[in-house]
Every structure is written in C-alpha cells, then in structure tokens.
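> sequence unknown, structure follows:
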C-alpha cells in the first residue's frame, strides 16, 4: 500500500468547508437529535430551541377611579351655591369642574383622562337650548298653530344637534395627551335618528331595539382615539333579547298589581265618583301611595337591571382597533347602590349626593377593563379640529342620553 504524502497547502478540516455547513446550520443540528430508523435512513427529531421568540402576552388593564366623596363635596357645594347666586349662569363652569374632577380621577394604565371643554361655549349652547324650550312652551300654552311647525323644525334639527353633541364631548376628552374624535356624517345622523326613529314610532316601537342598535353603531363606529378607530359588533337580535326581558318584567308588574287588588280598588273608586256616591278621601290617598310605592319598587329593580344588561352588551361589543373592551356590571350591585344611595340622600336632605355620585362612578368605572393585543404606545394623536358645544347642551336640555 502506497502512503499518500501530506501536502503543505492542505489545511485543517473545518465545518465551513462542507456544502451547507454554516453556523446557522450547525446550531439547527445541535437543536435536534439524529436517529437511525429500520431502513437505515438517518432521521432528525426536532427539539424546540430556547432561542425562539415567545409570543407577547399583554395583561388586562382595568380602569380605576380614585375620587373620594369628601373631595368632591367641596366642589359640589361651591358649584351649587354659585349657580344659585348667579341664577344659573355659573352652571356651565360647574359642569366643567364636575367633569374635570371625574375624568381626572379615572385612570387607565396609571394615566388619567381629562376634559377640556370651554365653559363659555357650554353657556352659549345652554342659552340657545333655553330659547328653544321657551318658544315651544309659549306656543303650546297659547295653543298657536305654529307649534306644529316648531315641532317639525325641532325634529329636523335634532340629528344635527346630537351629532354636534358627540363631536364636542369626544373632542374635549383626552388620555395621555391624545384626544378622542367623532367623525360621523350629517347624512348618517339623519338616517339613524330621523328615519329609524320615525320607523320605530309608526311600528308602535316594535323597531325600538333595532333603532337603539343602529344608534349605538353610528355612535361607536364613528368614534376615534387619535388615529385608532372604535368599532361596534353587537347585533340587533341581542338588543331584542334585552327589550323582551323588559317587556316581560312590565307584564309581570301589571299582573302583580292586578292580583294585589290595587287595580280593583281604583276601579271601584272611579265608579263611585261617577255615580255620585261617597268616596273616602283616605282610601284614595292610601291607594295612590300604594301605587307610587309599587312604581318606585319597579323602577329600583328594573332600572338597574336594564342599565347593567345594556351597558355590558354595548361596551363588551366595542373594540378599539384590535383591543377589546370588557364590561361586567352586576345588576344586583347596581340595585343595592341605587337603593342605599337614595335612602341616604333622603335622610341627609341631599347632602349625601356627592358621596352617592362618587360611589356609583367608582363601581361603574372599575367594572370596565381593556384587553390589549399590543402596547398602548401605538396610539398617535390625530390633527385637532374645532367643535362647538351647542349640540351637546341643546340635546341635554331635551333629556337625551348622549353619554358615550
């Protein structure tokens, strides 16, 4: 056997001289285990590598309310006294101070919200709303034929007022220096409020749940935080389920009142009065007190129940881009808070109102949490826009719930 001499240019064997033998390939092979199967073919059993990046998991962020009744009492009593002294003119400044207190004590991820509304703009809006109410009441009192025209004008103006209300409230709300916005169109407002409202009216409110769903869809789908958009995903069918529950509660209340004999007592008293018979005034007073007590009990029980179910549905079906919102209000807790607040306000002749407001706000705020899918640093402030307060104040004057 001939010995093959070593050559001077033959270097040491390295893994880099083989095809495909790279540093990455070496690490990949080290992460697996080679075995020989029954046919003699080498196979590789892959073992997960510790170098693989883990999927980021973001914990839920619960809202927190830090307000206290003793703090808010000072703001509330000053607002009340100055509003009385100035014959209501200070009420616009009082509203700003109240909203700023509740906003600035509501926190998300250790950062509070803020309200930037101008009291002078709010006062202007209230003045216009007051003029509208005075004109309507005056024409109605003198039974003027113009009252019908005024009602038509108010109905035509209402969608525009509500849209301006959303714009004003959202634009003047911020978190971490980034403002909210409402970008719903005027045509959309007329379609949702005027057309759907008319359809609900002519169908004897059979379409009321559908109208409510379209109202919330218009409100939430057109709301933005900076450059991030909200979206609404609740179907009209889920609103119908809650409204059917309300209808069942009303029917049950009527049945209970009828079976209790209260309804029969009113019928007998009415017949006696028509026939000229003697009617005991104490019996009438007793029946009225029983009826008002039953209505109060119905409101205390059904009001919080409907509020909890609708609020949970609306917010739990709202998203901010890919971030989900979760709301878990308990109807029984709302019933307890409402009933106890009412009793304490009556016992203290109204002085417990600040503590009642803080107590209710704290519970409702802390039942909401954000389920983020990424870091909150992605939110970018949008371009500012000028919005008036006339719509909000006029709509509030006509008792429309326009809170987002």
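Perfect, thanks for sending it. What you see is a predicted model, and the numbers here were worked out from it, not measured in a lab.
> For the longest helix that the chain contains, buried residues please.
Determined from DSSP state H, the single longest helix within the chain is helix 281-316. Neighbour counts using 16 or more other CB atoms under 10 Å place 287, 290, 298, 301-302, 304-316 of helix 281-316 among the buried residues. Heads up, the C-betas are built off the backbone N, CA and C, glycines and all.
> cool, stretch 193-207 as well?
193, 196, 197, 200, 207.
> in which helix or strand would I find the fourth one?
Assigned by DSSP states H and E, residue 200 belongs to helix 196-202.
> Give me the helices and strands touching that helix, please.
helix 208-221 (3 or more CB pairs under 8 Å, 6 or more residues apart in numbering; DSSP states H and E).
> Give me the average confidence score over the helix it packs on.
The average pLDDT for helix 208-221 rounds to 97.
> Same question for stretch 232-239.
Stretch 232-239 comes out at a mean pLDDT of 97.
> now stretch 80-100
On average, stretch 80-100 scores 95.
> ok, residues contacting it?
75, 76, 79, 114, 115, 117, 118, 119, 120, 122, 123, 126 (CB atoms under 8 Å, 6 or more residues apart in numbering).
> ditto for stretch 240-258
208-210, 212, 263-264, 291, 294, 298, 302, 305-306, 309-310, 313.
> And those residues, which two are furthest apart?
Greatest spacing in these, by CB to CB: 264 and 313 (38.8 Å).
> SS state for residue 257?
Following DSSP: H, G, I helix; E, B strand; the rest coil, we place residue 257 in the helix state.
> if I look at it, how far off is residue 306?
Using CB to CB, to the nearest Å, residue 257 is found at 19 Å from residue 306.
> Please report the distance of residue 64 from residue 367.
Counting by CB to CB, the gap from residue 64 to residue 367 is 11 Å.
> When the two are compared, which one has more neighbours?
residue 367 (20 against 16; other CB atoms under 10 Å).
> Wait, that one touches residue 331, no?
No. Using CB atoms under 8 Å, residue 367 is not in contact with residue 331, being 11.5 Å away.
> Residue 151: neighbour count?
13.
> The closest residue to it other than its chain neighbours in helix, strand or coil?
Distances taken as CB to CB, 6 or more residues apart in numbering place residue 136 nearest to residue 151, at 7.7 Å, with adjacent residues excluded. Assigned by three-state DSSP, the conformation of residue 136 is helix.
> quick one, what contacts residue 136?
Counting by CB under 8 Å, 6+ apart, residue 136 makes contact with 147, 150, 151, 154.
> Just the buried ones from those?
147, 150, 154.
> Could you check the angle the particular helix or strand that has the last one in it makes with helix 208-221?
In this case it means residue 154. Assigned by DSSP H and E, residue 154 belongs to helix 146-171. Comparing the axes of helix 146-171 and helix 208-221 via axes from the mean of the first three to the mean of the last three CA atoms, to 10 degrees yields an angle of 40 degrees.
> Which stretches in the stretch 1-150 of the chain count as strands?
32-36, 42-46, 61-62, 64-65, 106-108, 111-115 (DSSP state E, counting those that start in this stretch).
> Got the phi and psi for residue 366?
Dihedral angles of residue 366 (phi, psi; degrees, to the nearest 10) stand at phi -80, psi 0.
> got a list of contacts for the one helix or strand residue 343 maps to?
Counting by DSSP H and E, the element that carries residue 343 is helix 331-347. Contacts to helix 331-347, defined as CB under 8 Å, 6+ apart, come from residues 300-301, 303-305, 307-309, 352-353, 355-356, 359-360, 363.
> how does it look with 6 Å?
300, 304, 305, 308, 352, 353, 356, 360 (CB atoms under 6 Å, 6 or more residues apart in numbering).
> That one to helix 281-316, inter-axis angle?
Using the same axes, to 10 degrees: helix 331-347 against helix 281-316 is 130 degrees.
> how about helix 331-347: buried residues?
331, 334, 335, 337, 338, 341.
> Quick check: what element follows it along the chain?
helix 353-365.
> just checking, what packs against that next one?
strand 64-65, helix 69-85, helix 331-347 (3 or more CB pairs under 6 Å, 6 or more residues apart in numbering; DSSP states H and E).
> what inclination does the last one have with respect to helix 353-365?
Okay, so that is helix 331-347. Going by the same axes, to 10 degrees, helix 331-347 makes 170 degrees with helix 353-365.
> centre of the chain versus helix 331-347, how much separation?
21 Å (CA atoms, centre = their mean, to the nearest Å).
> What's the mean pLDDT across it?
Rounded mean pLDDT across helix 331-347 is 95.
> ditto for the shortest one
Within the predicted structure, the mean pLDDT of strand 64-65 is 98.
> before we move on, what about stretch 369-383?
Stretch 369-383 comes out at a mean pLDDT of 77.
> so residue 329, which of the three states?
Going by three-state DSSP: residue 329 is coil.
> Could you report the distance from the closest residue to it other than its chain neighbours to residue 336?
With sequence-adjacent residues excluded and distances taken as CB to CB, 6+ apart, residue 329 is closest to residue 308, at 4.1 Å. Here the distance between residue 308 and residue 336 works out to 12 Å (CB to CB).
> now swap in residue 364 and tell me
Taking CB to CB, one finds residue 364 at 13 Å from residue 336.
> one step back: just name the closest of the contacts of helix 331-347 to residue 233, please.
Of those, the one sitting nearest to residue 233 (CB to CB) turns out to be residue 308, at 19.4 Å.
> Surely the closest one and residue 327 touch.
No. Using CB atoms under 6 Å, residue 308 is not in contact with residue 327, being 9.1 Å away.
> Phi first, then psi, for residue 320.
Taking degrees, to the nearest 10 as the convention, residue 320 sits at phi -110, psi 100.
> mind listing what residue 325 touches?
315, 318, 370.
> Format those residues as a markdown table; extra columns: distance to residue 227.
Shown next, in a markdown table, are these (distance: CB to CB, whole Å):
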| residue | distance to residue 227 |
| --- | --- |
| 315 | 22 |
| 318 | 18 |
| 370 | 17 |
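> Give the ranges of residues in the stretch 251-400 of the chain that sit below the confidence cut-off.
260-281, 283-284, 379-400 (pLDDT under 70).
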